[in-house]
Every structure is written in C-alpha cells, then in structure tokens.
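Engineer: After the sequence you'll find the predicted model.
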Amino acid sequence: MPSISLLLQEIPDQFKPLAALGIGAFVLVCMVIFHGISLHKILVHFKRRELRLEAGRPHLWVAAFLFGWAIFMMLALHIVEIMMWSIALMRLGLIVHPADSLYFCANAYTTMGFGTVDLGNQWRNITPVIAISGLFTFAWTTSSLVTMVQNYMKIVEQLEIERAKELDMRSNARHAAYDSVTKEKQQERDQREQTKKAAAGASFFERRKIWREEHGQEEQLRAAVREEVRRIHQEERAAENKLGQSSNFDDSGVKK
C-alpha cells in the first residue's frame, strides 16, 4: 500500500492547492474537537478541585497552585496541538526533519509568520489553515481563562474571609486559655495566703498537714485549668473544621 506522501505526489499540480486546503480543513476540525474535549476536562478538573477547596479549610496556597496548574495544562494543550500539526506535516511528507516541522508549525500556529521553512508553492495553503486553528483554539482558551480567573478571584475572596475567621477563632482561643491560666494563678496565690494565715501559730505537724492540703488543692486547680485549656483548643479546632462545610460534595466534587 503506497504511503500518504506518495499519494499526494500523484495529485496534479493544479489541484494541490485545493488538496492542501482540504487536508488542512480536515486536520483543523479534528484539532478543534480535540481542543474542546481537552479544555472541557481541564475546566471540570479545576471546578471539582475548587469545590473541594471551598468545602475544606482555607488554604490560599492550594488555590494558587490549583490556578497555576490549570494555566500550565492549557499551555501544555496548545503545545500538544502544535506537535500534532508537526506530526501531520511529516506524515504527509511535506517536511522531513522533526525540528523543522515543529518550528514551522509553532510559527504558523501562533501567527508569528517568521521562519525559514517553506512548504512549497503547491502546499503553502496549509500555512494559513494552521494559523486559523491557532486563532480558534487561542480564542477558546482565552474565553475559558477569563471565566477561570473570575472563579479564582471569588474563591480567593471567600478563602480570605474564612482565613480571617480562622485567625479570629485562634486569637479568641488564646485569650480564653490565657484568662483561664491567669485565673488559676490568682487562685493559687489566694490559696497560699489562706494557708499562711492558717499555719500561723500552728505546730510543725499541723503546718505540714496544711501545706499538704494546699499542694493537693494546687494540683487540682492546675489539672482543672489544663482540662479547660484542652477543651478550648478542641472547640476551636472543631470550629475551624466547620469552615466552608456548609455544603457537602461527593467524590466527583458535585454537591449532594
């Protein structure tokens, strides 16, 4: 079975420009369909992770990483499409060397129009078709990127609000724990003053008993304040975990 390049050579020269347009249009349609499917998957992936991020604790760096990763995936998608055009031209036998083919397709795809590689007079009509495919896909990506930026700004605003709430909760917990410790220290001082008054004029064994009772009461106070501080921090962590959990999501990131 003859190769595609040999079949193209058998086409009369006067019909090769039309054949170039037809081949380019076919590849363009396939390219746009591929771009749409891939871009849809990127947007769905971003949206699912965005919903999961909204339902969790406010991590701003995760939102930034998620946005950056989506941008990188869009860039990778266009690079793949340039490589697809390059492979198509090499399979057609229009350009032999992979480096030349990749360079030519990158220039045509981005409509730079600068380069030393040429397809020849009969097949040069493919060049504007590659440029049109780049215009289509870049416009599609740009419109999707605008929506993604808007969603990113909304989620950052929400995370900033939740982060402020989280910091406020932690501050309140620290103040509550400090007040509990301060209150316990004051109770210890009052207890010691009472012990001194009770031990005044008492015998050695009576003072020793009073001091033991004082030590036991201090241990009880300290144990109580430790339990109180632990309870305060537990309640604060539980309140933090509830941030953003007003809606539940399944494993795919869709609201239940």
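Structural biologist: Perfect, I can see it now.
Engineer: Check which helix or strand the residue most central in space within the chain maps to.
Structural biologist: In the chain, the centroid-proximal residue (CA atoms, centre = their mean) is L66; its distance is 1.4 Å. According to DSSP states H and E, L66 maps onto helix 60-91.
Engineer: what packs against that helix?
Structural biologist: helix 16-55, helix 98-109, helix 126-199 (3 or more CB pairs under 8 Å, 6 or more residues apart in numbering; DSSP states H and E). Any C-beta I mention is one placed from the backbone N, CA and C, and that applies to glycine too.
Engineer: okay, the residue nearest to the centre of the chain: pLDDT?
Structural biologist: At L66, the model reports a pLDDT of 86.
Engineer: From E54, how far off is it?
Structural biologist: From L66 across to E54, the span is 11 Å (CB to CB, to the nearest Å).
Engineer: same thing with M169?
Structural biologist: Taking CB to CB, one finds M169 at 18 Å from E54.
Engineer: quick one: which of those two has more around it?
Structural biologist: E54 (21 against 17; other CB atoms under 10 Å).
Engineer: Tell me how the chain divides into domains.
Structural biologist: Domain assignment for the chain by automatic domain parsing gives 4-163, 166-241.
Engineer: How about the contacts made by the residue nearest to V156 when sequence neighbours are not counted?
Structural biologist: Leaving aside its sequence neighbours, V156 sits nearest to A63 (CB to CB, 6 or more residues apart in numbering; 5.8 Å). Residues in contact with A63 (CB atoms under 8 Å, 6 or more residues apart in numbering) are E50, L53, Y152, I155, V156, L159.
Engineer: And E193, how far from A20?
Structural biologist: Taken as CB to CB, the span from E193 to A20 is 101 Å.
Engineer: Which one's more surrounded, the two?
Structural biologist: Set E193 next to A20 and count neighbours by other CB under 10 Å: A20 wins out with 24 against 10.
Engineer: Hmm, I11 is touching L18, no?
Structural biologist: No: assessed by CB atoms under 8 Å, I11 is found out of contact with L18, at 9.1 Å.
Engineer: returning to what we had before: just say which of the domains of the chain is most tucked in.
Structural biologist: Mean neighbour count (mean count of other CB atoms under 10 Å) peaks for domain 4-163 among these, with a mean of 16.
Engineer: low-scoring stretches of the stretch 101-250 of the chain, by residue?
Structural biologist: 114-115, 199, 201-205, 207, 240-250 (pLDDT under 70).
Engineer: Send me stretch 171-179 as PDB with only the CA atoms.
Structural biologist: The C-alpha trace of stretch 171-179 is given here as PDB (Å, rounded to 0.1, in the frame of the first residue of the first chain):
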ATOM      1  CA  SER A 171      -7.000  34.600  68.800                       C
ATOM      2  CA  ASN A 172     -10.100  34.100  70.900                       C
ATOM      3  CA  ALA A 173      -8.900  30.600  71.900                       C
ATOM      4  CA  ARG A 174      -5.500  32.000  73.000                       C
ATOM      5  CA  HIS A 175      -7.200  34.800  75.000                       C
ATOM      6  CA  ALA A 176      -9.600  32.300  76.700                       C
ATOM      7  CA  ALA A 177      -6.700  30.000  77.500                       C
ATOM      8  CA  TYR A 178      -4.700  32.900  78.900                       C
ATOM      9  CA  ASP A 179      -7.600  34.000  81.000                       C
END
